[in-house]
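> pasting the sequence and the predicted coordinates here, then a few questions.
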Amino acid sequence: MMREPPSRIYFVKFIPRKYAQNPMKSDIVLRNVSEADLPVFYEQQLDPAATQMAAFPSRDRDSFMAHWKNKVMNNDTNIVSTILFENQVAGNIVSWEQDGEREVGYWLGREYWGKGIASQALTEFLGIVKTRPLVAHVAKHNIASQRVLQKCGFTISGTARYLDLEGGDVEEIVLTLRE
Ligand SMILES: CC(C)(COP(=O)(O)OP(=O)(O)OC[C@H]1O[C@@H](n2cnc3c(N)ncnc32)[C@H](O)[C@@H]1OP(=O)(O)O)[C@@H](O)C(=O)NCCC(=O)NCCS
């Protein structure tokens, strides 16, 4: 009698955690941001778990769209990519100039967390953004983001504080990629 191959669900269930968190490189694609991605990014930045993690309050729809269309996408010095995971818009990764430094930041929808996507996306983005030093400011409590950066070669270069959009005082770690 022919044996049925194991179902996908049966197989996935037994993938060890370590491998489940290391997606295939080909599952993650960076491409140019299109305006059609913005509603997805907007929803992703509304998530209270994400805003707490990033210590960055969400914007309302009008402010968010204006910020992305007029500032993020309408500035030739910015480098902005949509992160696709299995052809879905998982988030974005952005590099911009601020106070004479080149910065990097990223944001994923919560359903994409914990799969190694940010680490892989940043690894690929570092092949596009070649400026060094490259700097990231991360809330002190955002261990996941610090880990992403450290896995990609960033090291702690200092601390900083800023007042967020709601006037809250946020303590940050500054991480820098030098080579
Ligand atoms: C931070 C963020 C980008 C991480 O994305 P991710 O794809 O889940 O990260 P990865 O899966 O690549 O994980 C990177 C490392 O962080 C660890 N990690 C993930 N979530 C964690 C958590 N909540 N606490 C501690 N460590 C965590 C992972 O275990 C992994 O380390 P390892 O490889 O040594 O096991 C994602 O959670 C996010 O978009 N958060 C909201 C926005 C934000 O904080 N952006 C960054 C602003 S600086």
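Sure, I can see it. Not measured: the values here are computed from a predicted model.
> list the buried ones in stretch 156-168?
Residues of stretch 156-168 include none that count as buried (16 or more other Cβ atoms under 10 Å). (Glycine included, C-beta is placed from N, CA and C.)
> how far out from the middle of the chain is it?
18 Å (Cα atoms, centre = their mean, to the nearest Å).
> is any residue of that stretch near the ligand?
No. Stretch 156-168 stays out of contact with the ligand when judged by Cβ under 6 Å from any ligand atom, the minimum separation being 12.2 Å.
> and the contacts of that stretch?
With contact meaning Cβ atoms under 8 Å, 6 or more residues apart in numbering, stretch 156-168 is reached by 55-57, 59, 135, 137, 140, 169-176.
> also stretch 99-107?
41, 44-45, 50, 54, 83, 91-97, 118, 121-122, 125, 129, 131, 133-137, 145, 148.
> same question for stretch 125-134.
Against stretch 125-134 from outside (Cβ under 8 Å, 6+ apart): 30, 79, 81, 93, 95, 101-104, 106, 152-154, 176-179.
> got a ChimeraX select line for the buried ones in those?
This is how ChimeraX selects the buried members of the contacts of stretch 125-134, with burial counted by 16+ other Cβ under 10 Å:
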select :30,79,81,93,95,102,103,104,106,152,154,176,177
